[in-house]
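1. have a look; sequence and predicted model below, questions after that.
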Amino acid sequence: MESKEYLKQIAVSGTPAEKLALFSFTLEDSNAVILKKFKYFSRTCYTRYFTAPGAPYHDDIVLDYIDSYRGDANVLEAAHRDAAKTALVKLFITFVILNDTTHYRKYIKVLSKELANAVQIVTDVYNMMIEVIPIYGDLFVDEGKIKREERQGSFTTRYQVKVKSGTIGQDQRGNLQDAYRPDWQIFEDIEDSTSITSQVKTEAIKKRAQEAIDGRANGSSYVVNCNYISEDANIQWLMDKKSVRTRIMPIATSISYGRDAEGVECLTEAVALWSRFSFEDLQERYQDSLDWFGEFMCDPSRSLNKFYDTELINFQLENVAKPPTHKAGNIWYWGTYQSDQWYGMGSDHAMGIGKDANTATMFNFKTGEVVATHADNMLAPDLAAHEYARLGSEFGNCIWAWESNNECGGTVTTTVKDLHYPSMYQKEIKDNVGNVLTKKLGWETNSKTRTTMLMDFRRDFNNGLIKILDERILKEMKAFSNNDLVDTTVGLATRHFDLMISACIAWQMKDQAGGTNKVNNFYANLSGKKGGARG
């Protein structure tokens, strides 16, 4: 048996034939042998990826990839930010395409939430294969030996191994006479800090991910590379699948927290699990990160930056939230109109192009319960206005406030006026002596009103006056942080919390609904009815 030094010498300076013999494998080889071959291949052909010693868990990740490539397991690698998992998966895809002499997988597909991420991975793999043409020769169909730096969304080797990028939810068939479906899938970054704030986006990603999983070829398997930043979104959903084997890799262990001499929160002790990170590196990440526990410790349950009381949210998720009693399209109902109750509705609007959603929430202010919700990210704002006007009419033409201070809000305002909805919310703007200057239709969200509605909603939720029957709202509340409250630069412009915002606007209508006597007695009516509180 050749010595380790001899094999290393071949990997570094051997002939192409010697390198091919060293790097190539079949699935009859053991996982340990394939791992060694991968390490020789990657460390000598792509030295730029190895400027520092690898992390102890890198071998474990690659062994998981091997199991998945074999079809023995679906694996989920939940690693901290900066764990190099994307680099590892690119190296591994390149390795198996070039060195599996049986070409076991015929159609490898990389899927991301954003197509650009998947395309970049496929492009990088393509160019990495170009780099080793002196060893392997030209393996590409119709491309020749010209290195392509531009976007390369798919390619096929002369061994008829296809590699393709895609977003989750695209048609899963290949183009080799439609004979193949993907037989090995890589899910990369299907969830981020923006997508987890919207249950509409989360559910859409879940549906599309399941479609991708269901669209695989028989005998196929998949890898999920991810950060673990939410207990209530799609990474958790994948972790909960019995067919998925999960590995969680935080950045450090043996951590203690405290304050420095100036009273700033800091780490007082920590041991990095990868030697490339010094204690000072950990300290910097801890103090700069918006979500240390999610992004770096892979433990979103410990976030200390939540705006709402997580225990109360969990209580309502377990004891209050329930499936709707009935549905009409995308409107979910928890009951019907009662003439002795009083109601109010709030709505938040978007363009309806598959990103942020048009949403509405209806409250029964006598009970504090959500009685109807709607969410749709493909419905245009004017059509949403028609839908919400109809919903309001079902509940006694209740007071309705819509967010009015953007392009979508202007469209909704015009539409609602044309519909002559009888109970439109109007904000009176007065001068210094109390004269009404104008009555502006709709709810204008600005720095003052936004803070007011969020703080009011949190206060009454914490006091048990609000009962959230729609679990989607509760999950958005769970993702909302203090940073989202105080961030006036991006804030809700990029992290919309679609349903939660409609609920907050709706809750402001408690002071407008049902007449003066009912308004004055609102808190008196609800005191003692704290069904949402614990204990």
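-> Structure's in. What do you need? Numbering: from 1, shown residues only.
2. other residues contacting stretch 268-283?
-> 52-57, 82-83, 249-258, 266-267 (Cβ atoms under 8 Å, 6 or more residues apart in numbering). Backbone N, C-alpha and C define where each C-beta goes, glycine included.
3. go on, stretch 254-265?
-> 266, 267, 268, 269, 270, 271, 286, 287, 297.
4. in strands, which of the residues you listed appear?
-> Assigned to strands by DSSP state E, the following of those qualify: 266, 267, 268, 269, 270, 271.
5. and the third one, how close does it get to residue 91?
-> I take that to be residue 268. 37 Å (Cβ to Cβ, to the nearest Å).
6. out of the contacts of stretch 268-283, which end up buried?
-> 54, 55, 57, 83, 249, 250, 251, 252, 255, 267 (16 or more other Cβ atoms under 10 Å).
7. in CSV: those, plus pLDDT, distance to residue 120 and secondary structure.
-> Listed next are these as CSV, based on pLDDT from 0 to 100; distance: Cβ to Cβ, whole Å; DSSP: H, G, I helix; E, B strand; the rest coil:
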residue, pLDDT, distance to residue 120, secondary structure
54, 91, 22, coil
55, 93, 23, coil
57, 95, 24, helix
83, 95, 18, coil
249, 96, 23, strand
250, 96, 26, coil
251, 96, 24, coil
252, 95, 29, strand
255, 93, 33, strand
267, 94, 33, strand
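8. any chance of the ones in strands among the contacts of stretch 254-265 in CSV, plus distance to residue 160?
-> Shown next, in CSV, are the ones in strands among the contacts of stretch 254-265 (distance: Cβ to Cβ, whole Å):
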residue, distance to residue 160
266, 56
267, 52
268, 57
269, 54
270, 49
271, 48
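9. which one of those is nearest residue 219?
-> residue 271 (41.5 Å; Cβ to Cβ).
10. pull up the gap between the residue lying closest to the closest one once chain neighbours are set aside and residue 272, please.
-> Excluding the flanking residues, the one nearest residue 271 by Cβ to Cβ, 6 or more residues apart in numbering is residue 254, at 4.5 Å. Counting by Cβ to Cβ, the gap between residue 254 and residue 272 amounts to 10 Å.
11. go on, residue 372?
-> Applying Cβ to Cβ to residue 372 and residue 272 gives a distance of 50 Å.
12. burial check on residue 234, number of neighbours?
-> 27 (other Cβ atoms under 10 Å).
13. so it sits right up against residue 209, yeah?
-> Yes. The criterion here is Cβ atoms under 8 Å, and residue 234 meets it with residue 209 at 6.4 Å.
14. which residues do these two both contact?
-> By Cβ under 8 Å, 6+ apart, the residues touching both residue 234 and residue 209 are residue 190.
15. sorry, back to before: more neighbours: which of residue 268 and residue 91?
-> Using other Cβ under 10 Å as the criterion, residue 268 and residue 91 rank with residue 91 on top: 24 against 11.
16. so that one sits in a strand?
-> No. Counting by DSSP: H, G, I helix; E, B strand; the rest coil, residue 91 is located in no strand; its state is helix.
17. quick one: contacts for the nearest residue to it once chain neighbours are set aside?
-> Using Cβ to Cβ, 6+ apart and skipping the chain neighbours, the partner closest in space to residue 91 is residue 42 (4.5 Å). Residue 42 makes contact with 49, 50, 91, 95 under the criterion Cβ under 8 Å, 6+ apart.
18. quick check, distance from the helix or strand where residue 42 lies to the centre of its chain.
-> Assigned by DSSP states H and E, residue 42 falls within helix 31-45. Relative to its chain's centre, helix 31-45 lies at 33 Å (Cα atoms, centre = their mean, to the nearest Å).
19. buried sites along it?
-> Applying 16+ other Cβ under 10 Å to helix 31-45 flags 31, 34-45 as buried.
20. hang on, the earlier thing: and which of the contacts of stretch 254-265 is nearest residue 191?
-> residue 297 (16.9 Å).
21. quick check on that closest one: phi, psi?
-> Residue 297 has phi and psi values of phi -100, psi 0 when expressed as degrees, to the nearest 10.
22. for residue 203, which non-adjacent residue is spatially closest?
-> residue 472 (7.6 Å).
23. how about residue 370?
-> Nearest to residue 370 is residue 469, by Cβ to Cβ, 6+ apart, at 4.8 Å.
24. my read is that that neighbour contacts residue 369, right?
-> Yes. Because the distance of 6.2 Å satisfies Cβ under 8 Å, residue 469 is recorded as touching residue 369.
25. shared neighbours, these two?
-> residue 334.
26. looking only at neighbour counts, state which of those two leads.
-> residue 469 (22 against 19).
27. need the contact list for the more buried one.
-> So residue 469 contacts 320, 321, 322, 324, 334, 369, 370, 371 (Cβ under 8 Å, 6+ apart).
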